[in-house]
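>>> All I have is the shape, not the residue letters:
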């Protein structure tokens, strides 16, 4: 079987996740720079204050938008992989399987036999691997989206607490001068 590995490419500050071409689907490249920056800066959300809130929210929202865009592209590729799997399955069951079964007894023709025969077809296995690979990436991106949502919600609550406490006025960070 040919290698179908996802690659993480780093060129300077630019980071990309590259998924190789498969069948009629071209190679996919997802810019991961904003996502990686947001992941590096998650710890800063713990000590968010009015002076850092706007920038951190921008970083996390940029990451969120990129992840949503990547997730929709992955979703489309999943549907193409499912289609490729079904086409390979149809080719095997309609073309190769009858030839395999012609010298066997009809009692041997069952779901397990068809599934076993199908799992030996290289084209079907490539399509299945592609589908599983895309599902794993989909799950990973979905988890990252939830993290970004929770971090932004946490920061918003922290800012509301600061505003209610009355510590958000211009004297908040004055450490010398008028008292």
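Good, I have the coordinates. It should be emphasised that the depicted structure is a prediction, and the values quoted were computed from it without experimental measurement.

>>> Now residue 113: which helix or strand?
helix 111-118 (DSSP states H and E).

>>> what does that helix contact?
If you take Cβ atoms under 8 Å, 6 or more residues apart in numbering as the criterion, helix 111-118 is touched by 89, 92, 93, 96, 97, 100, 124. For glycine as for every other residue, the C-beta is placed from the backbone atoms N, C-alpha and C.

>>> one more time with 10 Å
With Cβ atoms under 10 Å, 6 or more residues apart in numbering as the test, helix 111-118 has contacts from 85, 88-89, 92-93, 96-97, 100-101, 104, 107, 110, 124-125, 128.

>>> Let's test this: mean pLDDT of that helix, rounded?
Average pLDDT, helix 111-118: 77.

>>> Could you report the neighbour count for the nearest residue to residue 17 once chain neighbours are set aside?
Nearest in space to residue 17, with sequence neighbours left out and distances taken as Cβ to Cβ, 6 or more residues apart in numbering, is residue 30 at 4.5 Å. For residue 30, the neighbour count with other Cβ atoms under 10 Å is 20.

>>> ok, now residue 114?
Neighbour number of residue 114 under other Cβ under 10 Å is 16.

>>> what helices or strands is the helix or strand hosting residue 54 leaning on?
Using DSSP H and E, residue 54 sits within helix 50-91. If contacts are counted by 3 or more Cβ pairs under 10 Å, 6 or more residues apart in numbering; DSSP states H and E, helix 50-91 sits against strand 14-19, strand 28-31, helix 33-41, helix 111-118, helix 122-165.

>>> List the pairing partners of the first one within its sheet, with orientation.
Looking back up the chat, that one is strand 14-19. Paired strands of strand 14-19, with direction, are strand 7-11 (antiparallel), strand 28-31 (antiparallel) (DSSP bridges).

>>> okay if I get those strands as a markdown table plus distance to residue 159 and mean pLDDT?
What follows is those, written out as a markdown table (distance: least, Cβ to Cβ, whole Å; pLDDT from 0 to 100):
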| stretch | distance to residue 159 | mean pLDDT |
| --- | --- | --- |
| strand 7-11 | 34 | 70 |
| strand 28-31 | 29 | 91 |
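
>>> Just name the most buried of the ones you listed.
Sort the strands paired with strand 14-19 by mean neighbour count, taking mean count of other Cβ atoms under 10 Å, and strand 28-31 sits at the top with a mean of 16.

>>> Need the residues that contact it.
Against strand 28-31 from outside (Cβ under 10 Å, 6+ apart): 6-7, 9, 14-22, 66-67, 69-71, 73-74, 76-77, 134, 137, 141.

>>> Roughly how far does the residue nearest the centre of the chain sit from residue 156?
Among the residues of the chain, the one closest to the centroid is residue 141, at 2.8 Å (Cα atoms, centre = their mean). Distance, residue 141 to residue 156, by Cβ to Cβ, to the nearest Å: 23 Å.
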